[in-house]
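Visitor: I'll drop the sequence and a predicted model, then ask my questions.
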Amino acid sequence: MAKIELENIAHSYRAKPASDDDFALKKVQTVWEDGGAYALLGSSGCGKTTMLNIISGLLTPSQGRVLFDGKDVTKLPPEKRNIAQVFQFPVLYDTMTVFDNLAFPLRNRKVDESEVRSRVHEIAEILDLSPYLNKRASGLAADAKQKISLGRGLVRKDVAAILFDEPLTVIDPHLKWQLRRKLKEIHHQFGLTLIYVTHDQTEAMTFADKIVIMYDGALLQIGSPDELFEDPAHTFVGYFIGSPGMNLLPCKVDGNQAVLDCGSIPLDPAVAARAGQGEFQIGIRPLYLELTDEPRDGAVAGRIVSVEFEGSSRIVTVESGSSKLKVRVPEGRPIPADSCWVVFPPRRTKLFRDQYLVK
Ligand SMILES: Nc1ncnc2c1ncn2[C@@H]1O[C@H](COP(=O)(O)OP(=O)(O)OP(=O)(O)O)[C@@H](O)[C@H]1O
């Protein structure tokens with residue numbers, strides 16, 4: 001297993017990049033701890049696959065160094081890096097049996113045949129592939145094929161990390177959770193460094209200890225699901241994580257108050273003191289807003305425009321000034337009929353300056 005460091009990595013697919021916009025990946029500096037389970041999350045085109053391919057060696061970065069346990073591997077090809085990669089579509093030898101597919105990476109490295117046999121049986125058992133070992137890979141369903149791809153990575157004892165690029169895309173929804181659970185089990189059992197690319201936040205949250213949020217070629221934040229929910233470092237993280245995402249409203253800061261176009265609300269004084277200069281927004285999770293039918297100090301007036309049921313709570317949309325606020329109201333709490341007041345608890349109200357959280 002390995003600790004993986006990206007040292008000032010940047011990548012452009014253009015031969016002569018002229019500006020920052022020409023870079024698919026912009027100055028990334030990060031460490032992936034040995035044995036960590038990471039999800040790389042971000043919308044389409046933000047650079048996730050580029051980053052993964054730089055780690056695996058499929059791509060040489062335009063700038064910077066890749067270090068595995070302190071050793072510079074930037075120029076090494078994938079086969080010299082002891083990395084296993086599982087792609088969106090299973091990469092298998094269709095005409096070979098499942099056994100031979102699993103054995104391939106070991107035989108390729110001239111591992112003794114008795115060791116090959118014992119290792120293949122061990123991995124097949126873990127992945128529930130034992131009944132299929134003598135079958136041809138071509139006849140199997142997509143989830144079994146994807147397990148074989150994974151198994152080909154796991155059979156090698158020297159594998160440093162396993163990289164997954166949206167591996168569940170071709171899997172039926174009802175089988176996805178089984179495979180995800182299997183991945184978690186394997187992570188615990190083997191203590192492998194796992195990096196998993198997805199644009200699905202539920203998948204990221206159930207799989208990873210740490211989620212890495214990418215946006216427009218930059219790495220915005222690394223944190224546990226809880227940290228990303230409670231303290232998003234950037235408005236994109238606030239909006240992208242959570243369903244519905246964080247409410248974000250432009251404001252000015254005046255003393256300890258955020259001045260919105262629908263009224264003023266109190267800020268945490270310690271945060272207000274660090275506001276500085278720039279364009280401000282406040283952000284608050286739908287879960288933390290409160291609705292009342294009576295005016296209150298520090299609350300803003302609004303009008304309820306819709307109520308949607310979501311599990312045991314309701315998502316209420318409130319129009320206030322030029323903004324539409326989403327409020328999550330737990331079961332049993334009353335919802336005002338039409339006009340209402342929206343309360344912003346200061347402890348839960350985040351202030352962003354030029355899109356970044358004021359801490
Ligand atoms: N081989 C390539 N040549 C030129 N540009 C590329 C190439 N591969 C990716 N790009 C561009 O680099 C940027 C990042 O792409 P990348 O595939 O890394 O993003 P992604 O986050 O993995 O996207 P997706 O979720 O859609 O797979 C995009 O603008 C993409 O168009």
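Guide: Looks like it arrived, so ask away.

Visitor: Could you give the backbone dihedrals for the closest residue to the ligand within the stretch 51-200 of the chain?
Guide: Relative to the ligand, the nearest point of the stretch 51-200 of the chain is residue 199 (5.3 Å; CB to the nearest ligand atom). Heads up, the C-betas are built off the backbone N, CA and C, glycines and all. Dihedral pair for residue 199: phi -110, psi 10, per degrees, to the nearest 10.

Visitor: For it, give its distance to residue 40.
Guide: Distance check for residue 199 against residue 40: by CB to CB, to the nearest Å, it reads 9 Å.

Visitor: Name the residues contacting each of the two.
Guide: Common contacts of residue 199 and residue 40 (CB atoms under 8 Å, 6 or more residues apart in numbering): residue 48.

Visitor: can you pull the pLDDT of the most centrally placed residue in the chain?
Guide: The structure's the chain has its C-alpha centroid closest to residue 41; by CA atoms, centre = their mean the separation is 2.9 Å. As predicted, residue 41 sits at a pLDDT of 94.

Visitor: same check, this time on residue 201
Guide: At residue 201, pLDDT is 87.

Visitor: how about it, what does it touch?
Guide: 41, 240, 241, 243.

Visitor: near the ligand, which residues of the stretch 1-150 of the chain show up?
Guide: 13, 24, 42, 44, 45, 46, 47, 48, 49, 50 (CB under 6 Å from any ligand atom).

Visitor: name the element residue 202 belongs to?
Guide: Per DSSP states H and E, residue 202 falls inside helix 201-207.

Visitor: Direction included, what does the helix or strand just after that helix pair up with?
Guide: Later in the chain than helix 201-207, the nearest helix or strand by DSSP H and E is strand 210-215. The sheet places strand 210-215 alongside strand 37-41 (parallel), strand 218-223 (antiparallel), with pairing taken from DSSP bridges.

Visitor: Let's see if you can find the most crowded of the contacts of residue 201.
Guide: residue 41 (26 neighbours; other CB atoms under 10 Å).

Visitor: Leaving out the residues flanking it, which one is nearest to that residue?
Guide: Of all residues not flanking residue 41 in the chain, residue 204 sits nearest, at 4.5 Å (CB to CB, 6 or more residues apart in numbering).

Visitor: Neighbours of that neighbour, how many?
Guide: 24.

Visitor: per-residue pLDDT, it?
Guide: With respect to pLDDT, residue 204 scores 89.

Visitor: Now do the same contact list for it.
Guide: Applying CB under 8 Å, 6+ apart, the residues near residue 204 are 39, 41, 196, 198, 211, 225.

Visitor: Which of the helices or strands spans the third one?
Guide: Just to be clear, that refers to residue 196. Using DSSP H and E, residue 196 falls in strand 193-198.

Visitor: what lines up beside that strand in the sheet?
Guide: strand 37-41 (parallel), strand 161-165 (parallel).
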